[in-house]
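Peer 1: coordinates for the following, if possible.
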Amino acid sequence: MDKLSLIGLILALSAIIGGQALEGGHVSSLLQPTALLIVVGGTLGAVLLQSPFSVFLGGVKMVKWVFIPPSSGVEHTIERIIEWSHLARREGVLMLERSIEELDDDPFMRHGLQMLIDGIEPMPLRESLEIEVDAWATRMRQCARIWESAGAYSPTIGILGAVLGLIHVMENLSDPTMLGAGIAVAFVATIYGVGLANLILLPIHKKLLSHIGILASRREMAIDGLIGIANGDHPRIIEARMRGYVQ
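Peer 2: Numbering: from 1, shown residues only. Predicted coordinates:
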């Protein structure tokens, strides 16, 4: 559990609600279902319109990383590659074949190790794996970008909600009992749009980018280790190079 994300979310919402209360306002005045429907529904519709379904679904699945970060497995990767380097020096690269079965949960490492066993030269091996990492990172950033897009759309949708509220006010100028509700929707819709973008949606995007960068760095580290094995480098040199990624 990423406690910092939870604390940040609670602090942000508490600051807004607490500020409203300190100014003598009623917290209930911030609860406007109509404004919420306009902002959330409009923002969701805009994001769905711009995104392929696979990208949208990927971005939604990634949101759990905000509170439950993905395990980078850095230490496990280092230990595994050092073990492979010792085995390769003692018995040859072909003896790593038996380690392939242990990598069913890590297609990237499985692919890299298989190419190493197949005798692919270090330079083509590095190029192939780096292309794979770049393609993976691009795909993941594209999925994460739906939250940035939502953060860009929601303030504008909030303004749209404000305009709709004011139109409702203008249509009911002859009925004073209807004016308060229309004005409330107008202002609260703007608060929802701007607040949702800057307190939730854009921070989610930045947090996801941070995790993607960590995972990409772990893969780059693994590439460096596999290339070290292919070059016949000493295991201590390989370990020192890989640990440079996490210092």
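Peer 1: switch to C-alpha atoms for all contacts and neighbour counts from now on
Peer 2: OK.
Peer 1: grab the nearest non-local neighbour of Gly112.
Peer 2: Leu129 (6.8 Å; C-alpha to C-alpha, 6 or more residues apart in numbering).
Peer 1: point out where the chain drops to low pLDDT.
Peer 2: Counting by pLDDT under 70, the low-confidence segments of the chain come to 24-25, 173, 175-182, 184-185, 247.
Peer 1: residue ranges of the strands in it, please?
Peer 2: For the chain, applying DSSP state E gives no strands.
Peer 1: at the geometric centre of it, which residue do we find?
Peer 2: Taking C-alpha atoms, centre = their mean, the centroid of the chain lies closest to Leu208, which sits 2.1 Å from it.
Peer 1: re earlier: neighbours of the residue nearest to Gly112, just the number please.
Peer 2: 20 (other C-alpha atoms under 10 Å).
Peer 1: does it touch Gln114 like I think?
Peer 2: No - counting by C-alpha atoms under 8 Å, Leu129 stays clear of Gln114, with 11.6 Å between them.
Peer 1: can you show me the helices along this structure?
Peer 2: 3-22, 33-50, 53-62, 74-91, 107-117, 122-171, 176-196, 202-231, 235-243 (DSSP state H).
Peer 1: buried sites along the fourth one?
Peer 2: Okay, so that is helix 74-91. Across helix 74-91, burial judged by 16 or more other C-alpha atoms under 10 Å covers 74, 77-78, 81-82, 84-88.
Peer 1: out of those, which is nearest to Gly42?
Peer 2: Closest approach to Gly42 among the buried residues of helix 74-91 (C-alpha to C-alpha): Val74, at 40.7 Å.
Peer 1: who's the closest spatial neighbour of the closest one, skipping the chain neighbours?
Peer 2: Arg218 (6.2 Å).
Peer 1: need the contact list for that neighbour.
Peer 2: 72-74, 245 (C-alpha atoms under 8 Å, 6 or more residues apart in numbering).
Peer 1: now do Arg126
Peer 2: Per C-alpha under 8 Å, 6+ apart, neighbours of Arg126: 223, 227.
Peer 1: i'd like the first residue to be 332 from this point on
Peer 2: Right, with 332 as the first residue, what we last looked at is Arg457.
Peer 1: separation between it and Val424?
Peer 2: Using C-alpha to C-alpha, to the nearest Å, one gets 17 Å for the distance from Arg457 to Val424.
Peer 1: cool, Glu452 as well?
Peer 2: Distance of Glu452 to Val424, computed by C-alpha to C-alpha: 13 Å.
Peer 1: these two: who's more crowded?
Peer 2: Using other C-alpha under 10 Å as the criterion, Glu452 and Val424 rank with Val424 on top: 21 against 13.
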